[in-house]
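J.: Return a 3D structure for these sequence lines:
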Amino acid sequence: MIYRSKAPLRIGLAGGGTDVNPYCDIYGGAILNATISLYAYASIEPLNEHTIIIEAKDRNEKAEYEKTDSLPIDGKLDLAKGVYNRIVKDYGGVPSGFRLTTFVDAPAGSGLGTSSTLMVAILGAFTEWLQLPLGEYDIAHLAYQVERVELAMAGGKQDQYAATFGGVNFMEFYEGDRVIVNPLRVKPKYLFELGNNLLLYFTATSRLSSTIIEAQSQNVVDKNQGSIDAMHQLKEQARMMKEALLKGKIDDIGYILDYGFRYKKQMATGISNSKMDELYETALRAGATGGKISGAGGGGFMMFYCPANKSYAVKDALSKYEGTFTPYQFTEHGLFTWSI
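T.: Below is the predicted model:
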């Protein structure tokens, strides 16, 4: 028997960064995101031997250990090992050795929530194998605890919940790790129009998001009012985006994205750079009305909203750069697990 799972990556449409401590603990955060047809996959194959094998196929990494109650956290495949260690701690171990194989459709550091989505997928595979009594909120919260607290990887909270729940969600973040996921009933024609007009562009660079997020968090600790005010505006942007989507004011989304792009750069240094600013301005000159850097910033994916068939001109204008456009669709479902 093989136990499998898949969880979707996400694009953050508004409010990015307000899910990061200590901002959300002090002021409350709000984010609007949507999952897309790029995934993180995990498969567990039980073995008749006293061995644990972990393979990340997309990164060409492999590690093998004698079956034990705690695997070393040493910088190699730590997401998988962190999940395993927590499963053993909470549920008393696994019945046999196993081979855990993972794959992600986008590179690490891309800004689509890859590490957190992979964490959710791995948890899903263990849940399917061991029949753990975990609901959606349980899995998302556990993924957050392992990644952010136990492995001390800097970041926010939206990615774990987006990957678990799937679809288009308005999420609220409060003190004490309290998260409320509000699924939005967006009419299909509005989502089709958004998908038609919103280009997903990989800049051919990746970045270490933790350094940007740490700077953002420190700005809140230091009471940097300019940075905090920018986060307040991004929280308001999430509410603006929710109204535009629900009411079908799809062409307003470009301007709402542009509004957020201007404020996001004020949250911390390194969110944008001269290359990304050049890409953004090139897209605007070609007809885009707005866009954003996906995730923490500094590299990875960008998005551009292009109304009235302007997407063709934007693609042509950006063809002189090294980046590539990635096709996608919005997805309704989050984490899915099965065995065969």
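J.: how far is stretch 54-72 from where the chain is centred?
T.: The gap between the average C-alpha position of stretch 54-72 and the chain average comes to 23 Å, counting by C-alpha atoms, centre = their mean, to the nearest Å.
J.: should've said stretch 139-150
T.: For stretch 139-150, the gap between its own C-alpha mean and the chain's C-alpha mean amounts to 14 Å (C-alpha atoms, centre = their mean).
J.: now do stretch 80-97
T.: Distance of stretch 80-97 from the chain centroid (C-alpha atoms, centre = their mean) equals 24 Å.
J.: got the contact list for it?
T.: Among residues not part of stretch 80-97, those counted as contacts by C-beta atoms under 8 Å, 6 or more residues apart in numbering are 46-54, 56, 67, 69-73, 100, 102, 119, 122-123, 126, 129-130, 132, 142, 145-147, 150-151. No exception for glycine: its C-beta is placed from N, CA and C like everyone else's.
J.: So which of these belong to strands?
T.: Counted as lying in strands by DSSP state E, out of the contacts of stretch 80-97, are P46, L47, T51, I52, I53, I54, A56, L100, T102.
J.: So the second one versus L118, what's the distance?
T.: Summarising the geometry, the distance separating L47 from L118, computed by C-beta to C-beta, to the nearest Å, is 22 Å.
J.: just F126 next, same as before
T.: Going from F126 to L118 by C-beta to C-beta gives 13 Å.
J.: Can you tell me the element A7 falls in?
T.: When secondary structure is defined by DSSP states H and E, A7 falls within strand 3-14.
J.: Run through the neighbouring helices and strands of that strand.
T.: In this structure, strand 3-14 packs against strand 29-47, helix 114-130, helix 158-165, helix 225-247, helix 252-264, strand 336-339, with contacts taken as 3 or more C-beta pairs under 8 Å, 6 or more residues apart in numbering; DSSP states H and E.
J.: Check which residues of the longest one are buried.
T.: Of the residues in helix 225-247, those buried under the neighbour-count criterion (16 or more other C-beta atoms under 10 Å) are 227-228, 230-231, 233-238, 240-242, 244-245.
J.: try the last one
T.: Within strand 336-339, the residues that count as buried by 16+ other C-beta under 10 Å are T337.
J.: Give the pairing partners of that strand; include direction for each.
T.: With DSSP bridges as the test, strand 336-339 is paired with strand 3-14 (antiparallel).
J.: can you tell me how far L100 sits from C24?
T.: Counting by C-beta to C-beta, the separation of L100 from C24 is 32 Å.
J.: same question but for A108, I mixed them up
T.: Per C-beta to C-beta, A108 is found 24 Å from C24.
J.: Ok, L245 next?
T.: As judged by C-beta to C-beta, L245 and C24 stand 22 Å apart.
J.: and stretch 177-188, average pLDDT?
T.: Averaged over stretch 177-188, pLDDT sits at 96.
J.: Just the CA coordinates for that stretch, please, in CSV.
T.: Coordinates of each C-alpha in stretch 177-188 appear next as CSV, following Å, rounded to 0.1, in the frame of the first residue of the first chain:
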residue,chain,number,x,y,z
ASP,A,177,-2.4,31.8,16.8
ARG,A,178,-6.1,32.2,16.3
VAL,A,179,-7.0,32.0,12.6
ILE,A,180,-10.4,32.3,10.9
VAL,A,181,-10.7,31.1,7.3
ASN,A,182,-13.6,32.6,5.4
PRO,A,183,-14.2,30.8,2.1
LEU,A,184,-15.5,33.2,-0.6
ARG,A,185,-18.3,32.2,-2.9
VAL,A,186,-16.9,34.0,-6.0
LYS,A,187,-19.0,33.5,-9.1
PRO,A,188,-17.2,31.2,-11.6
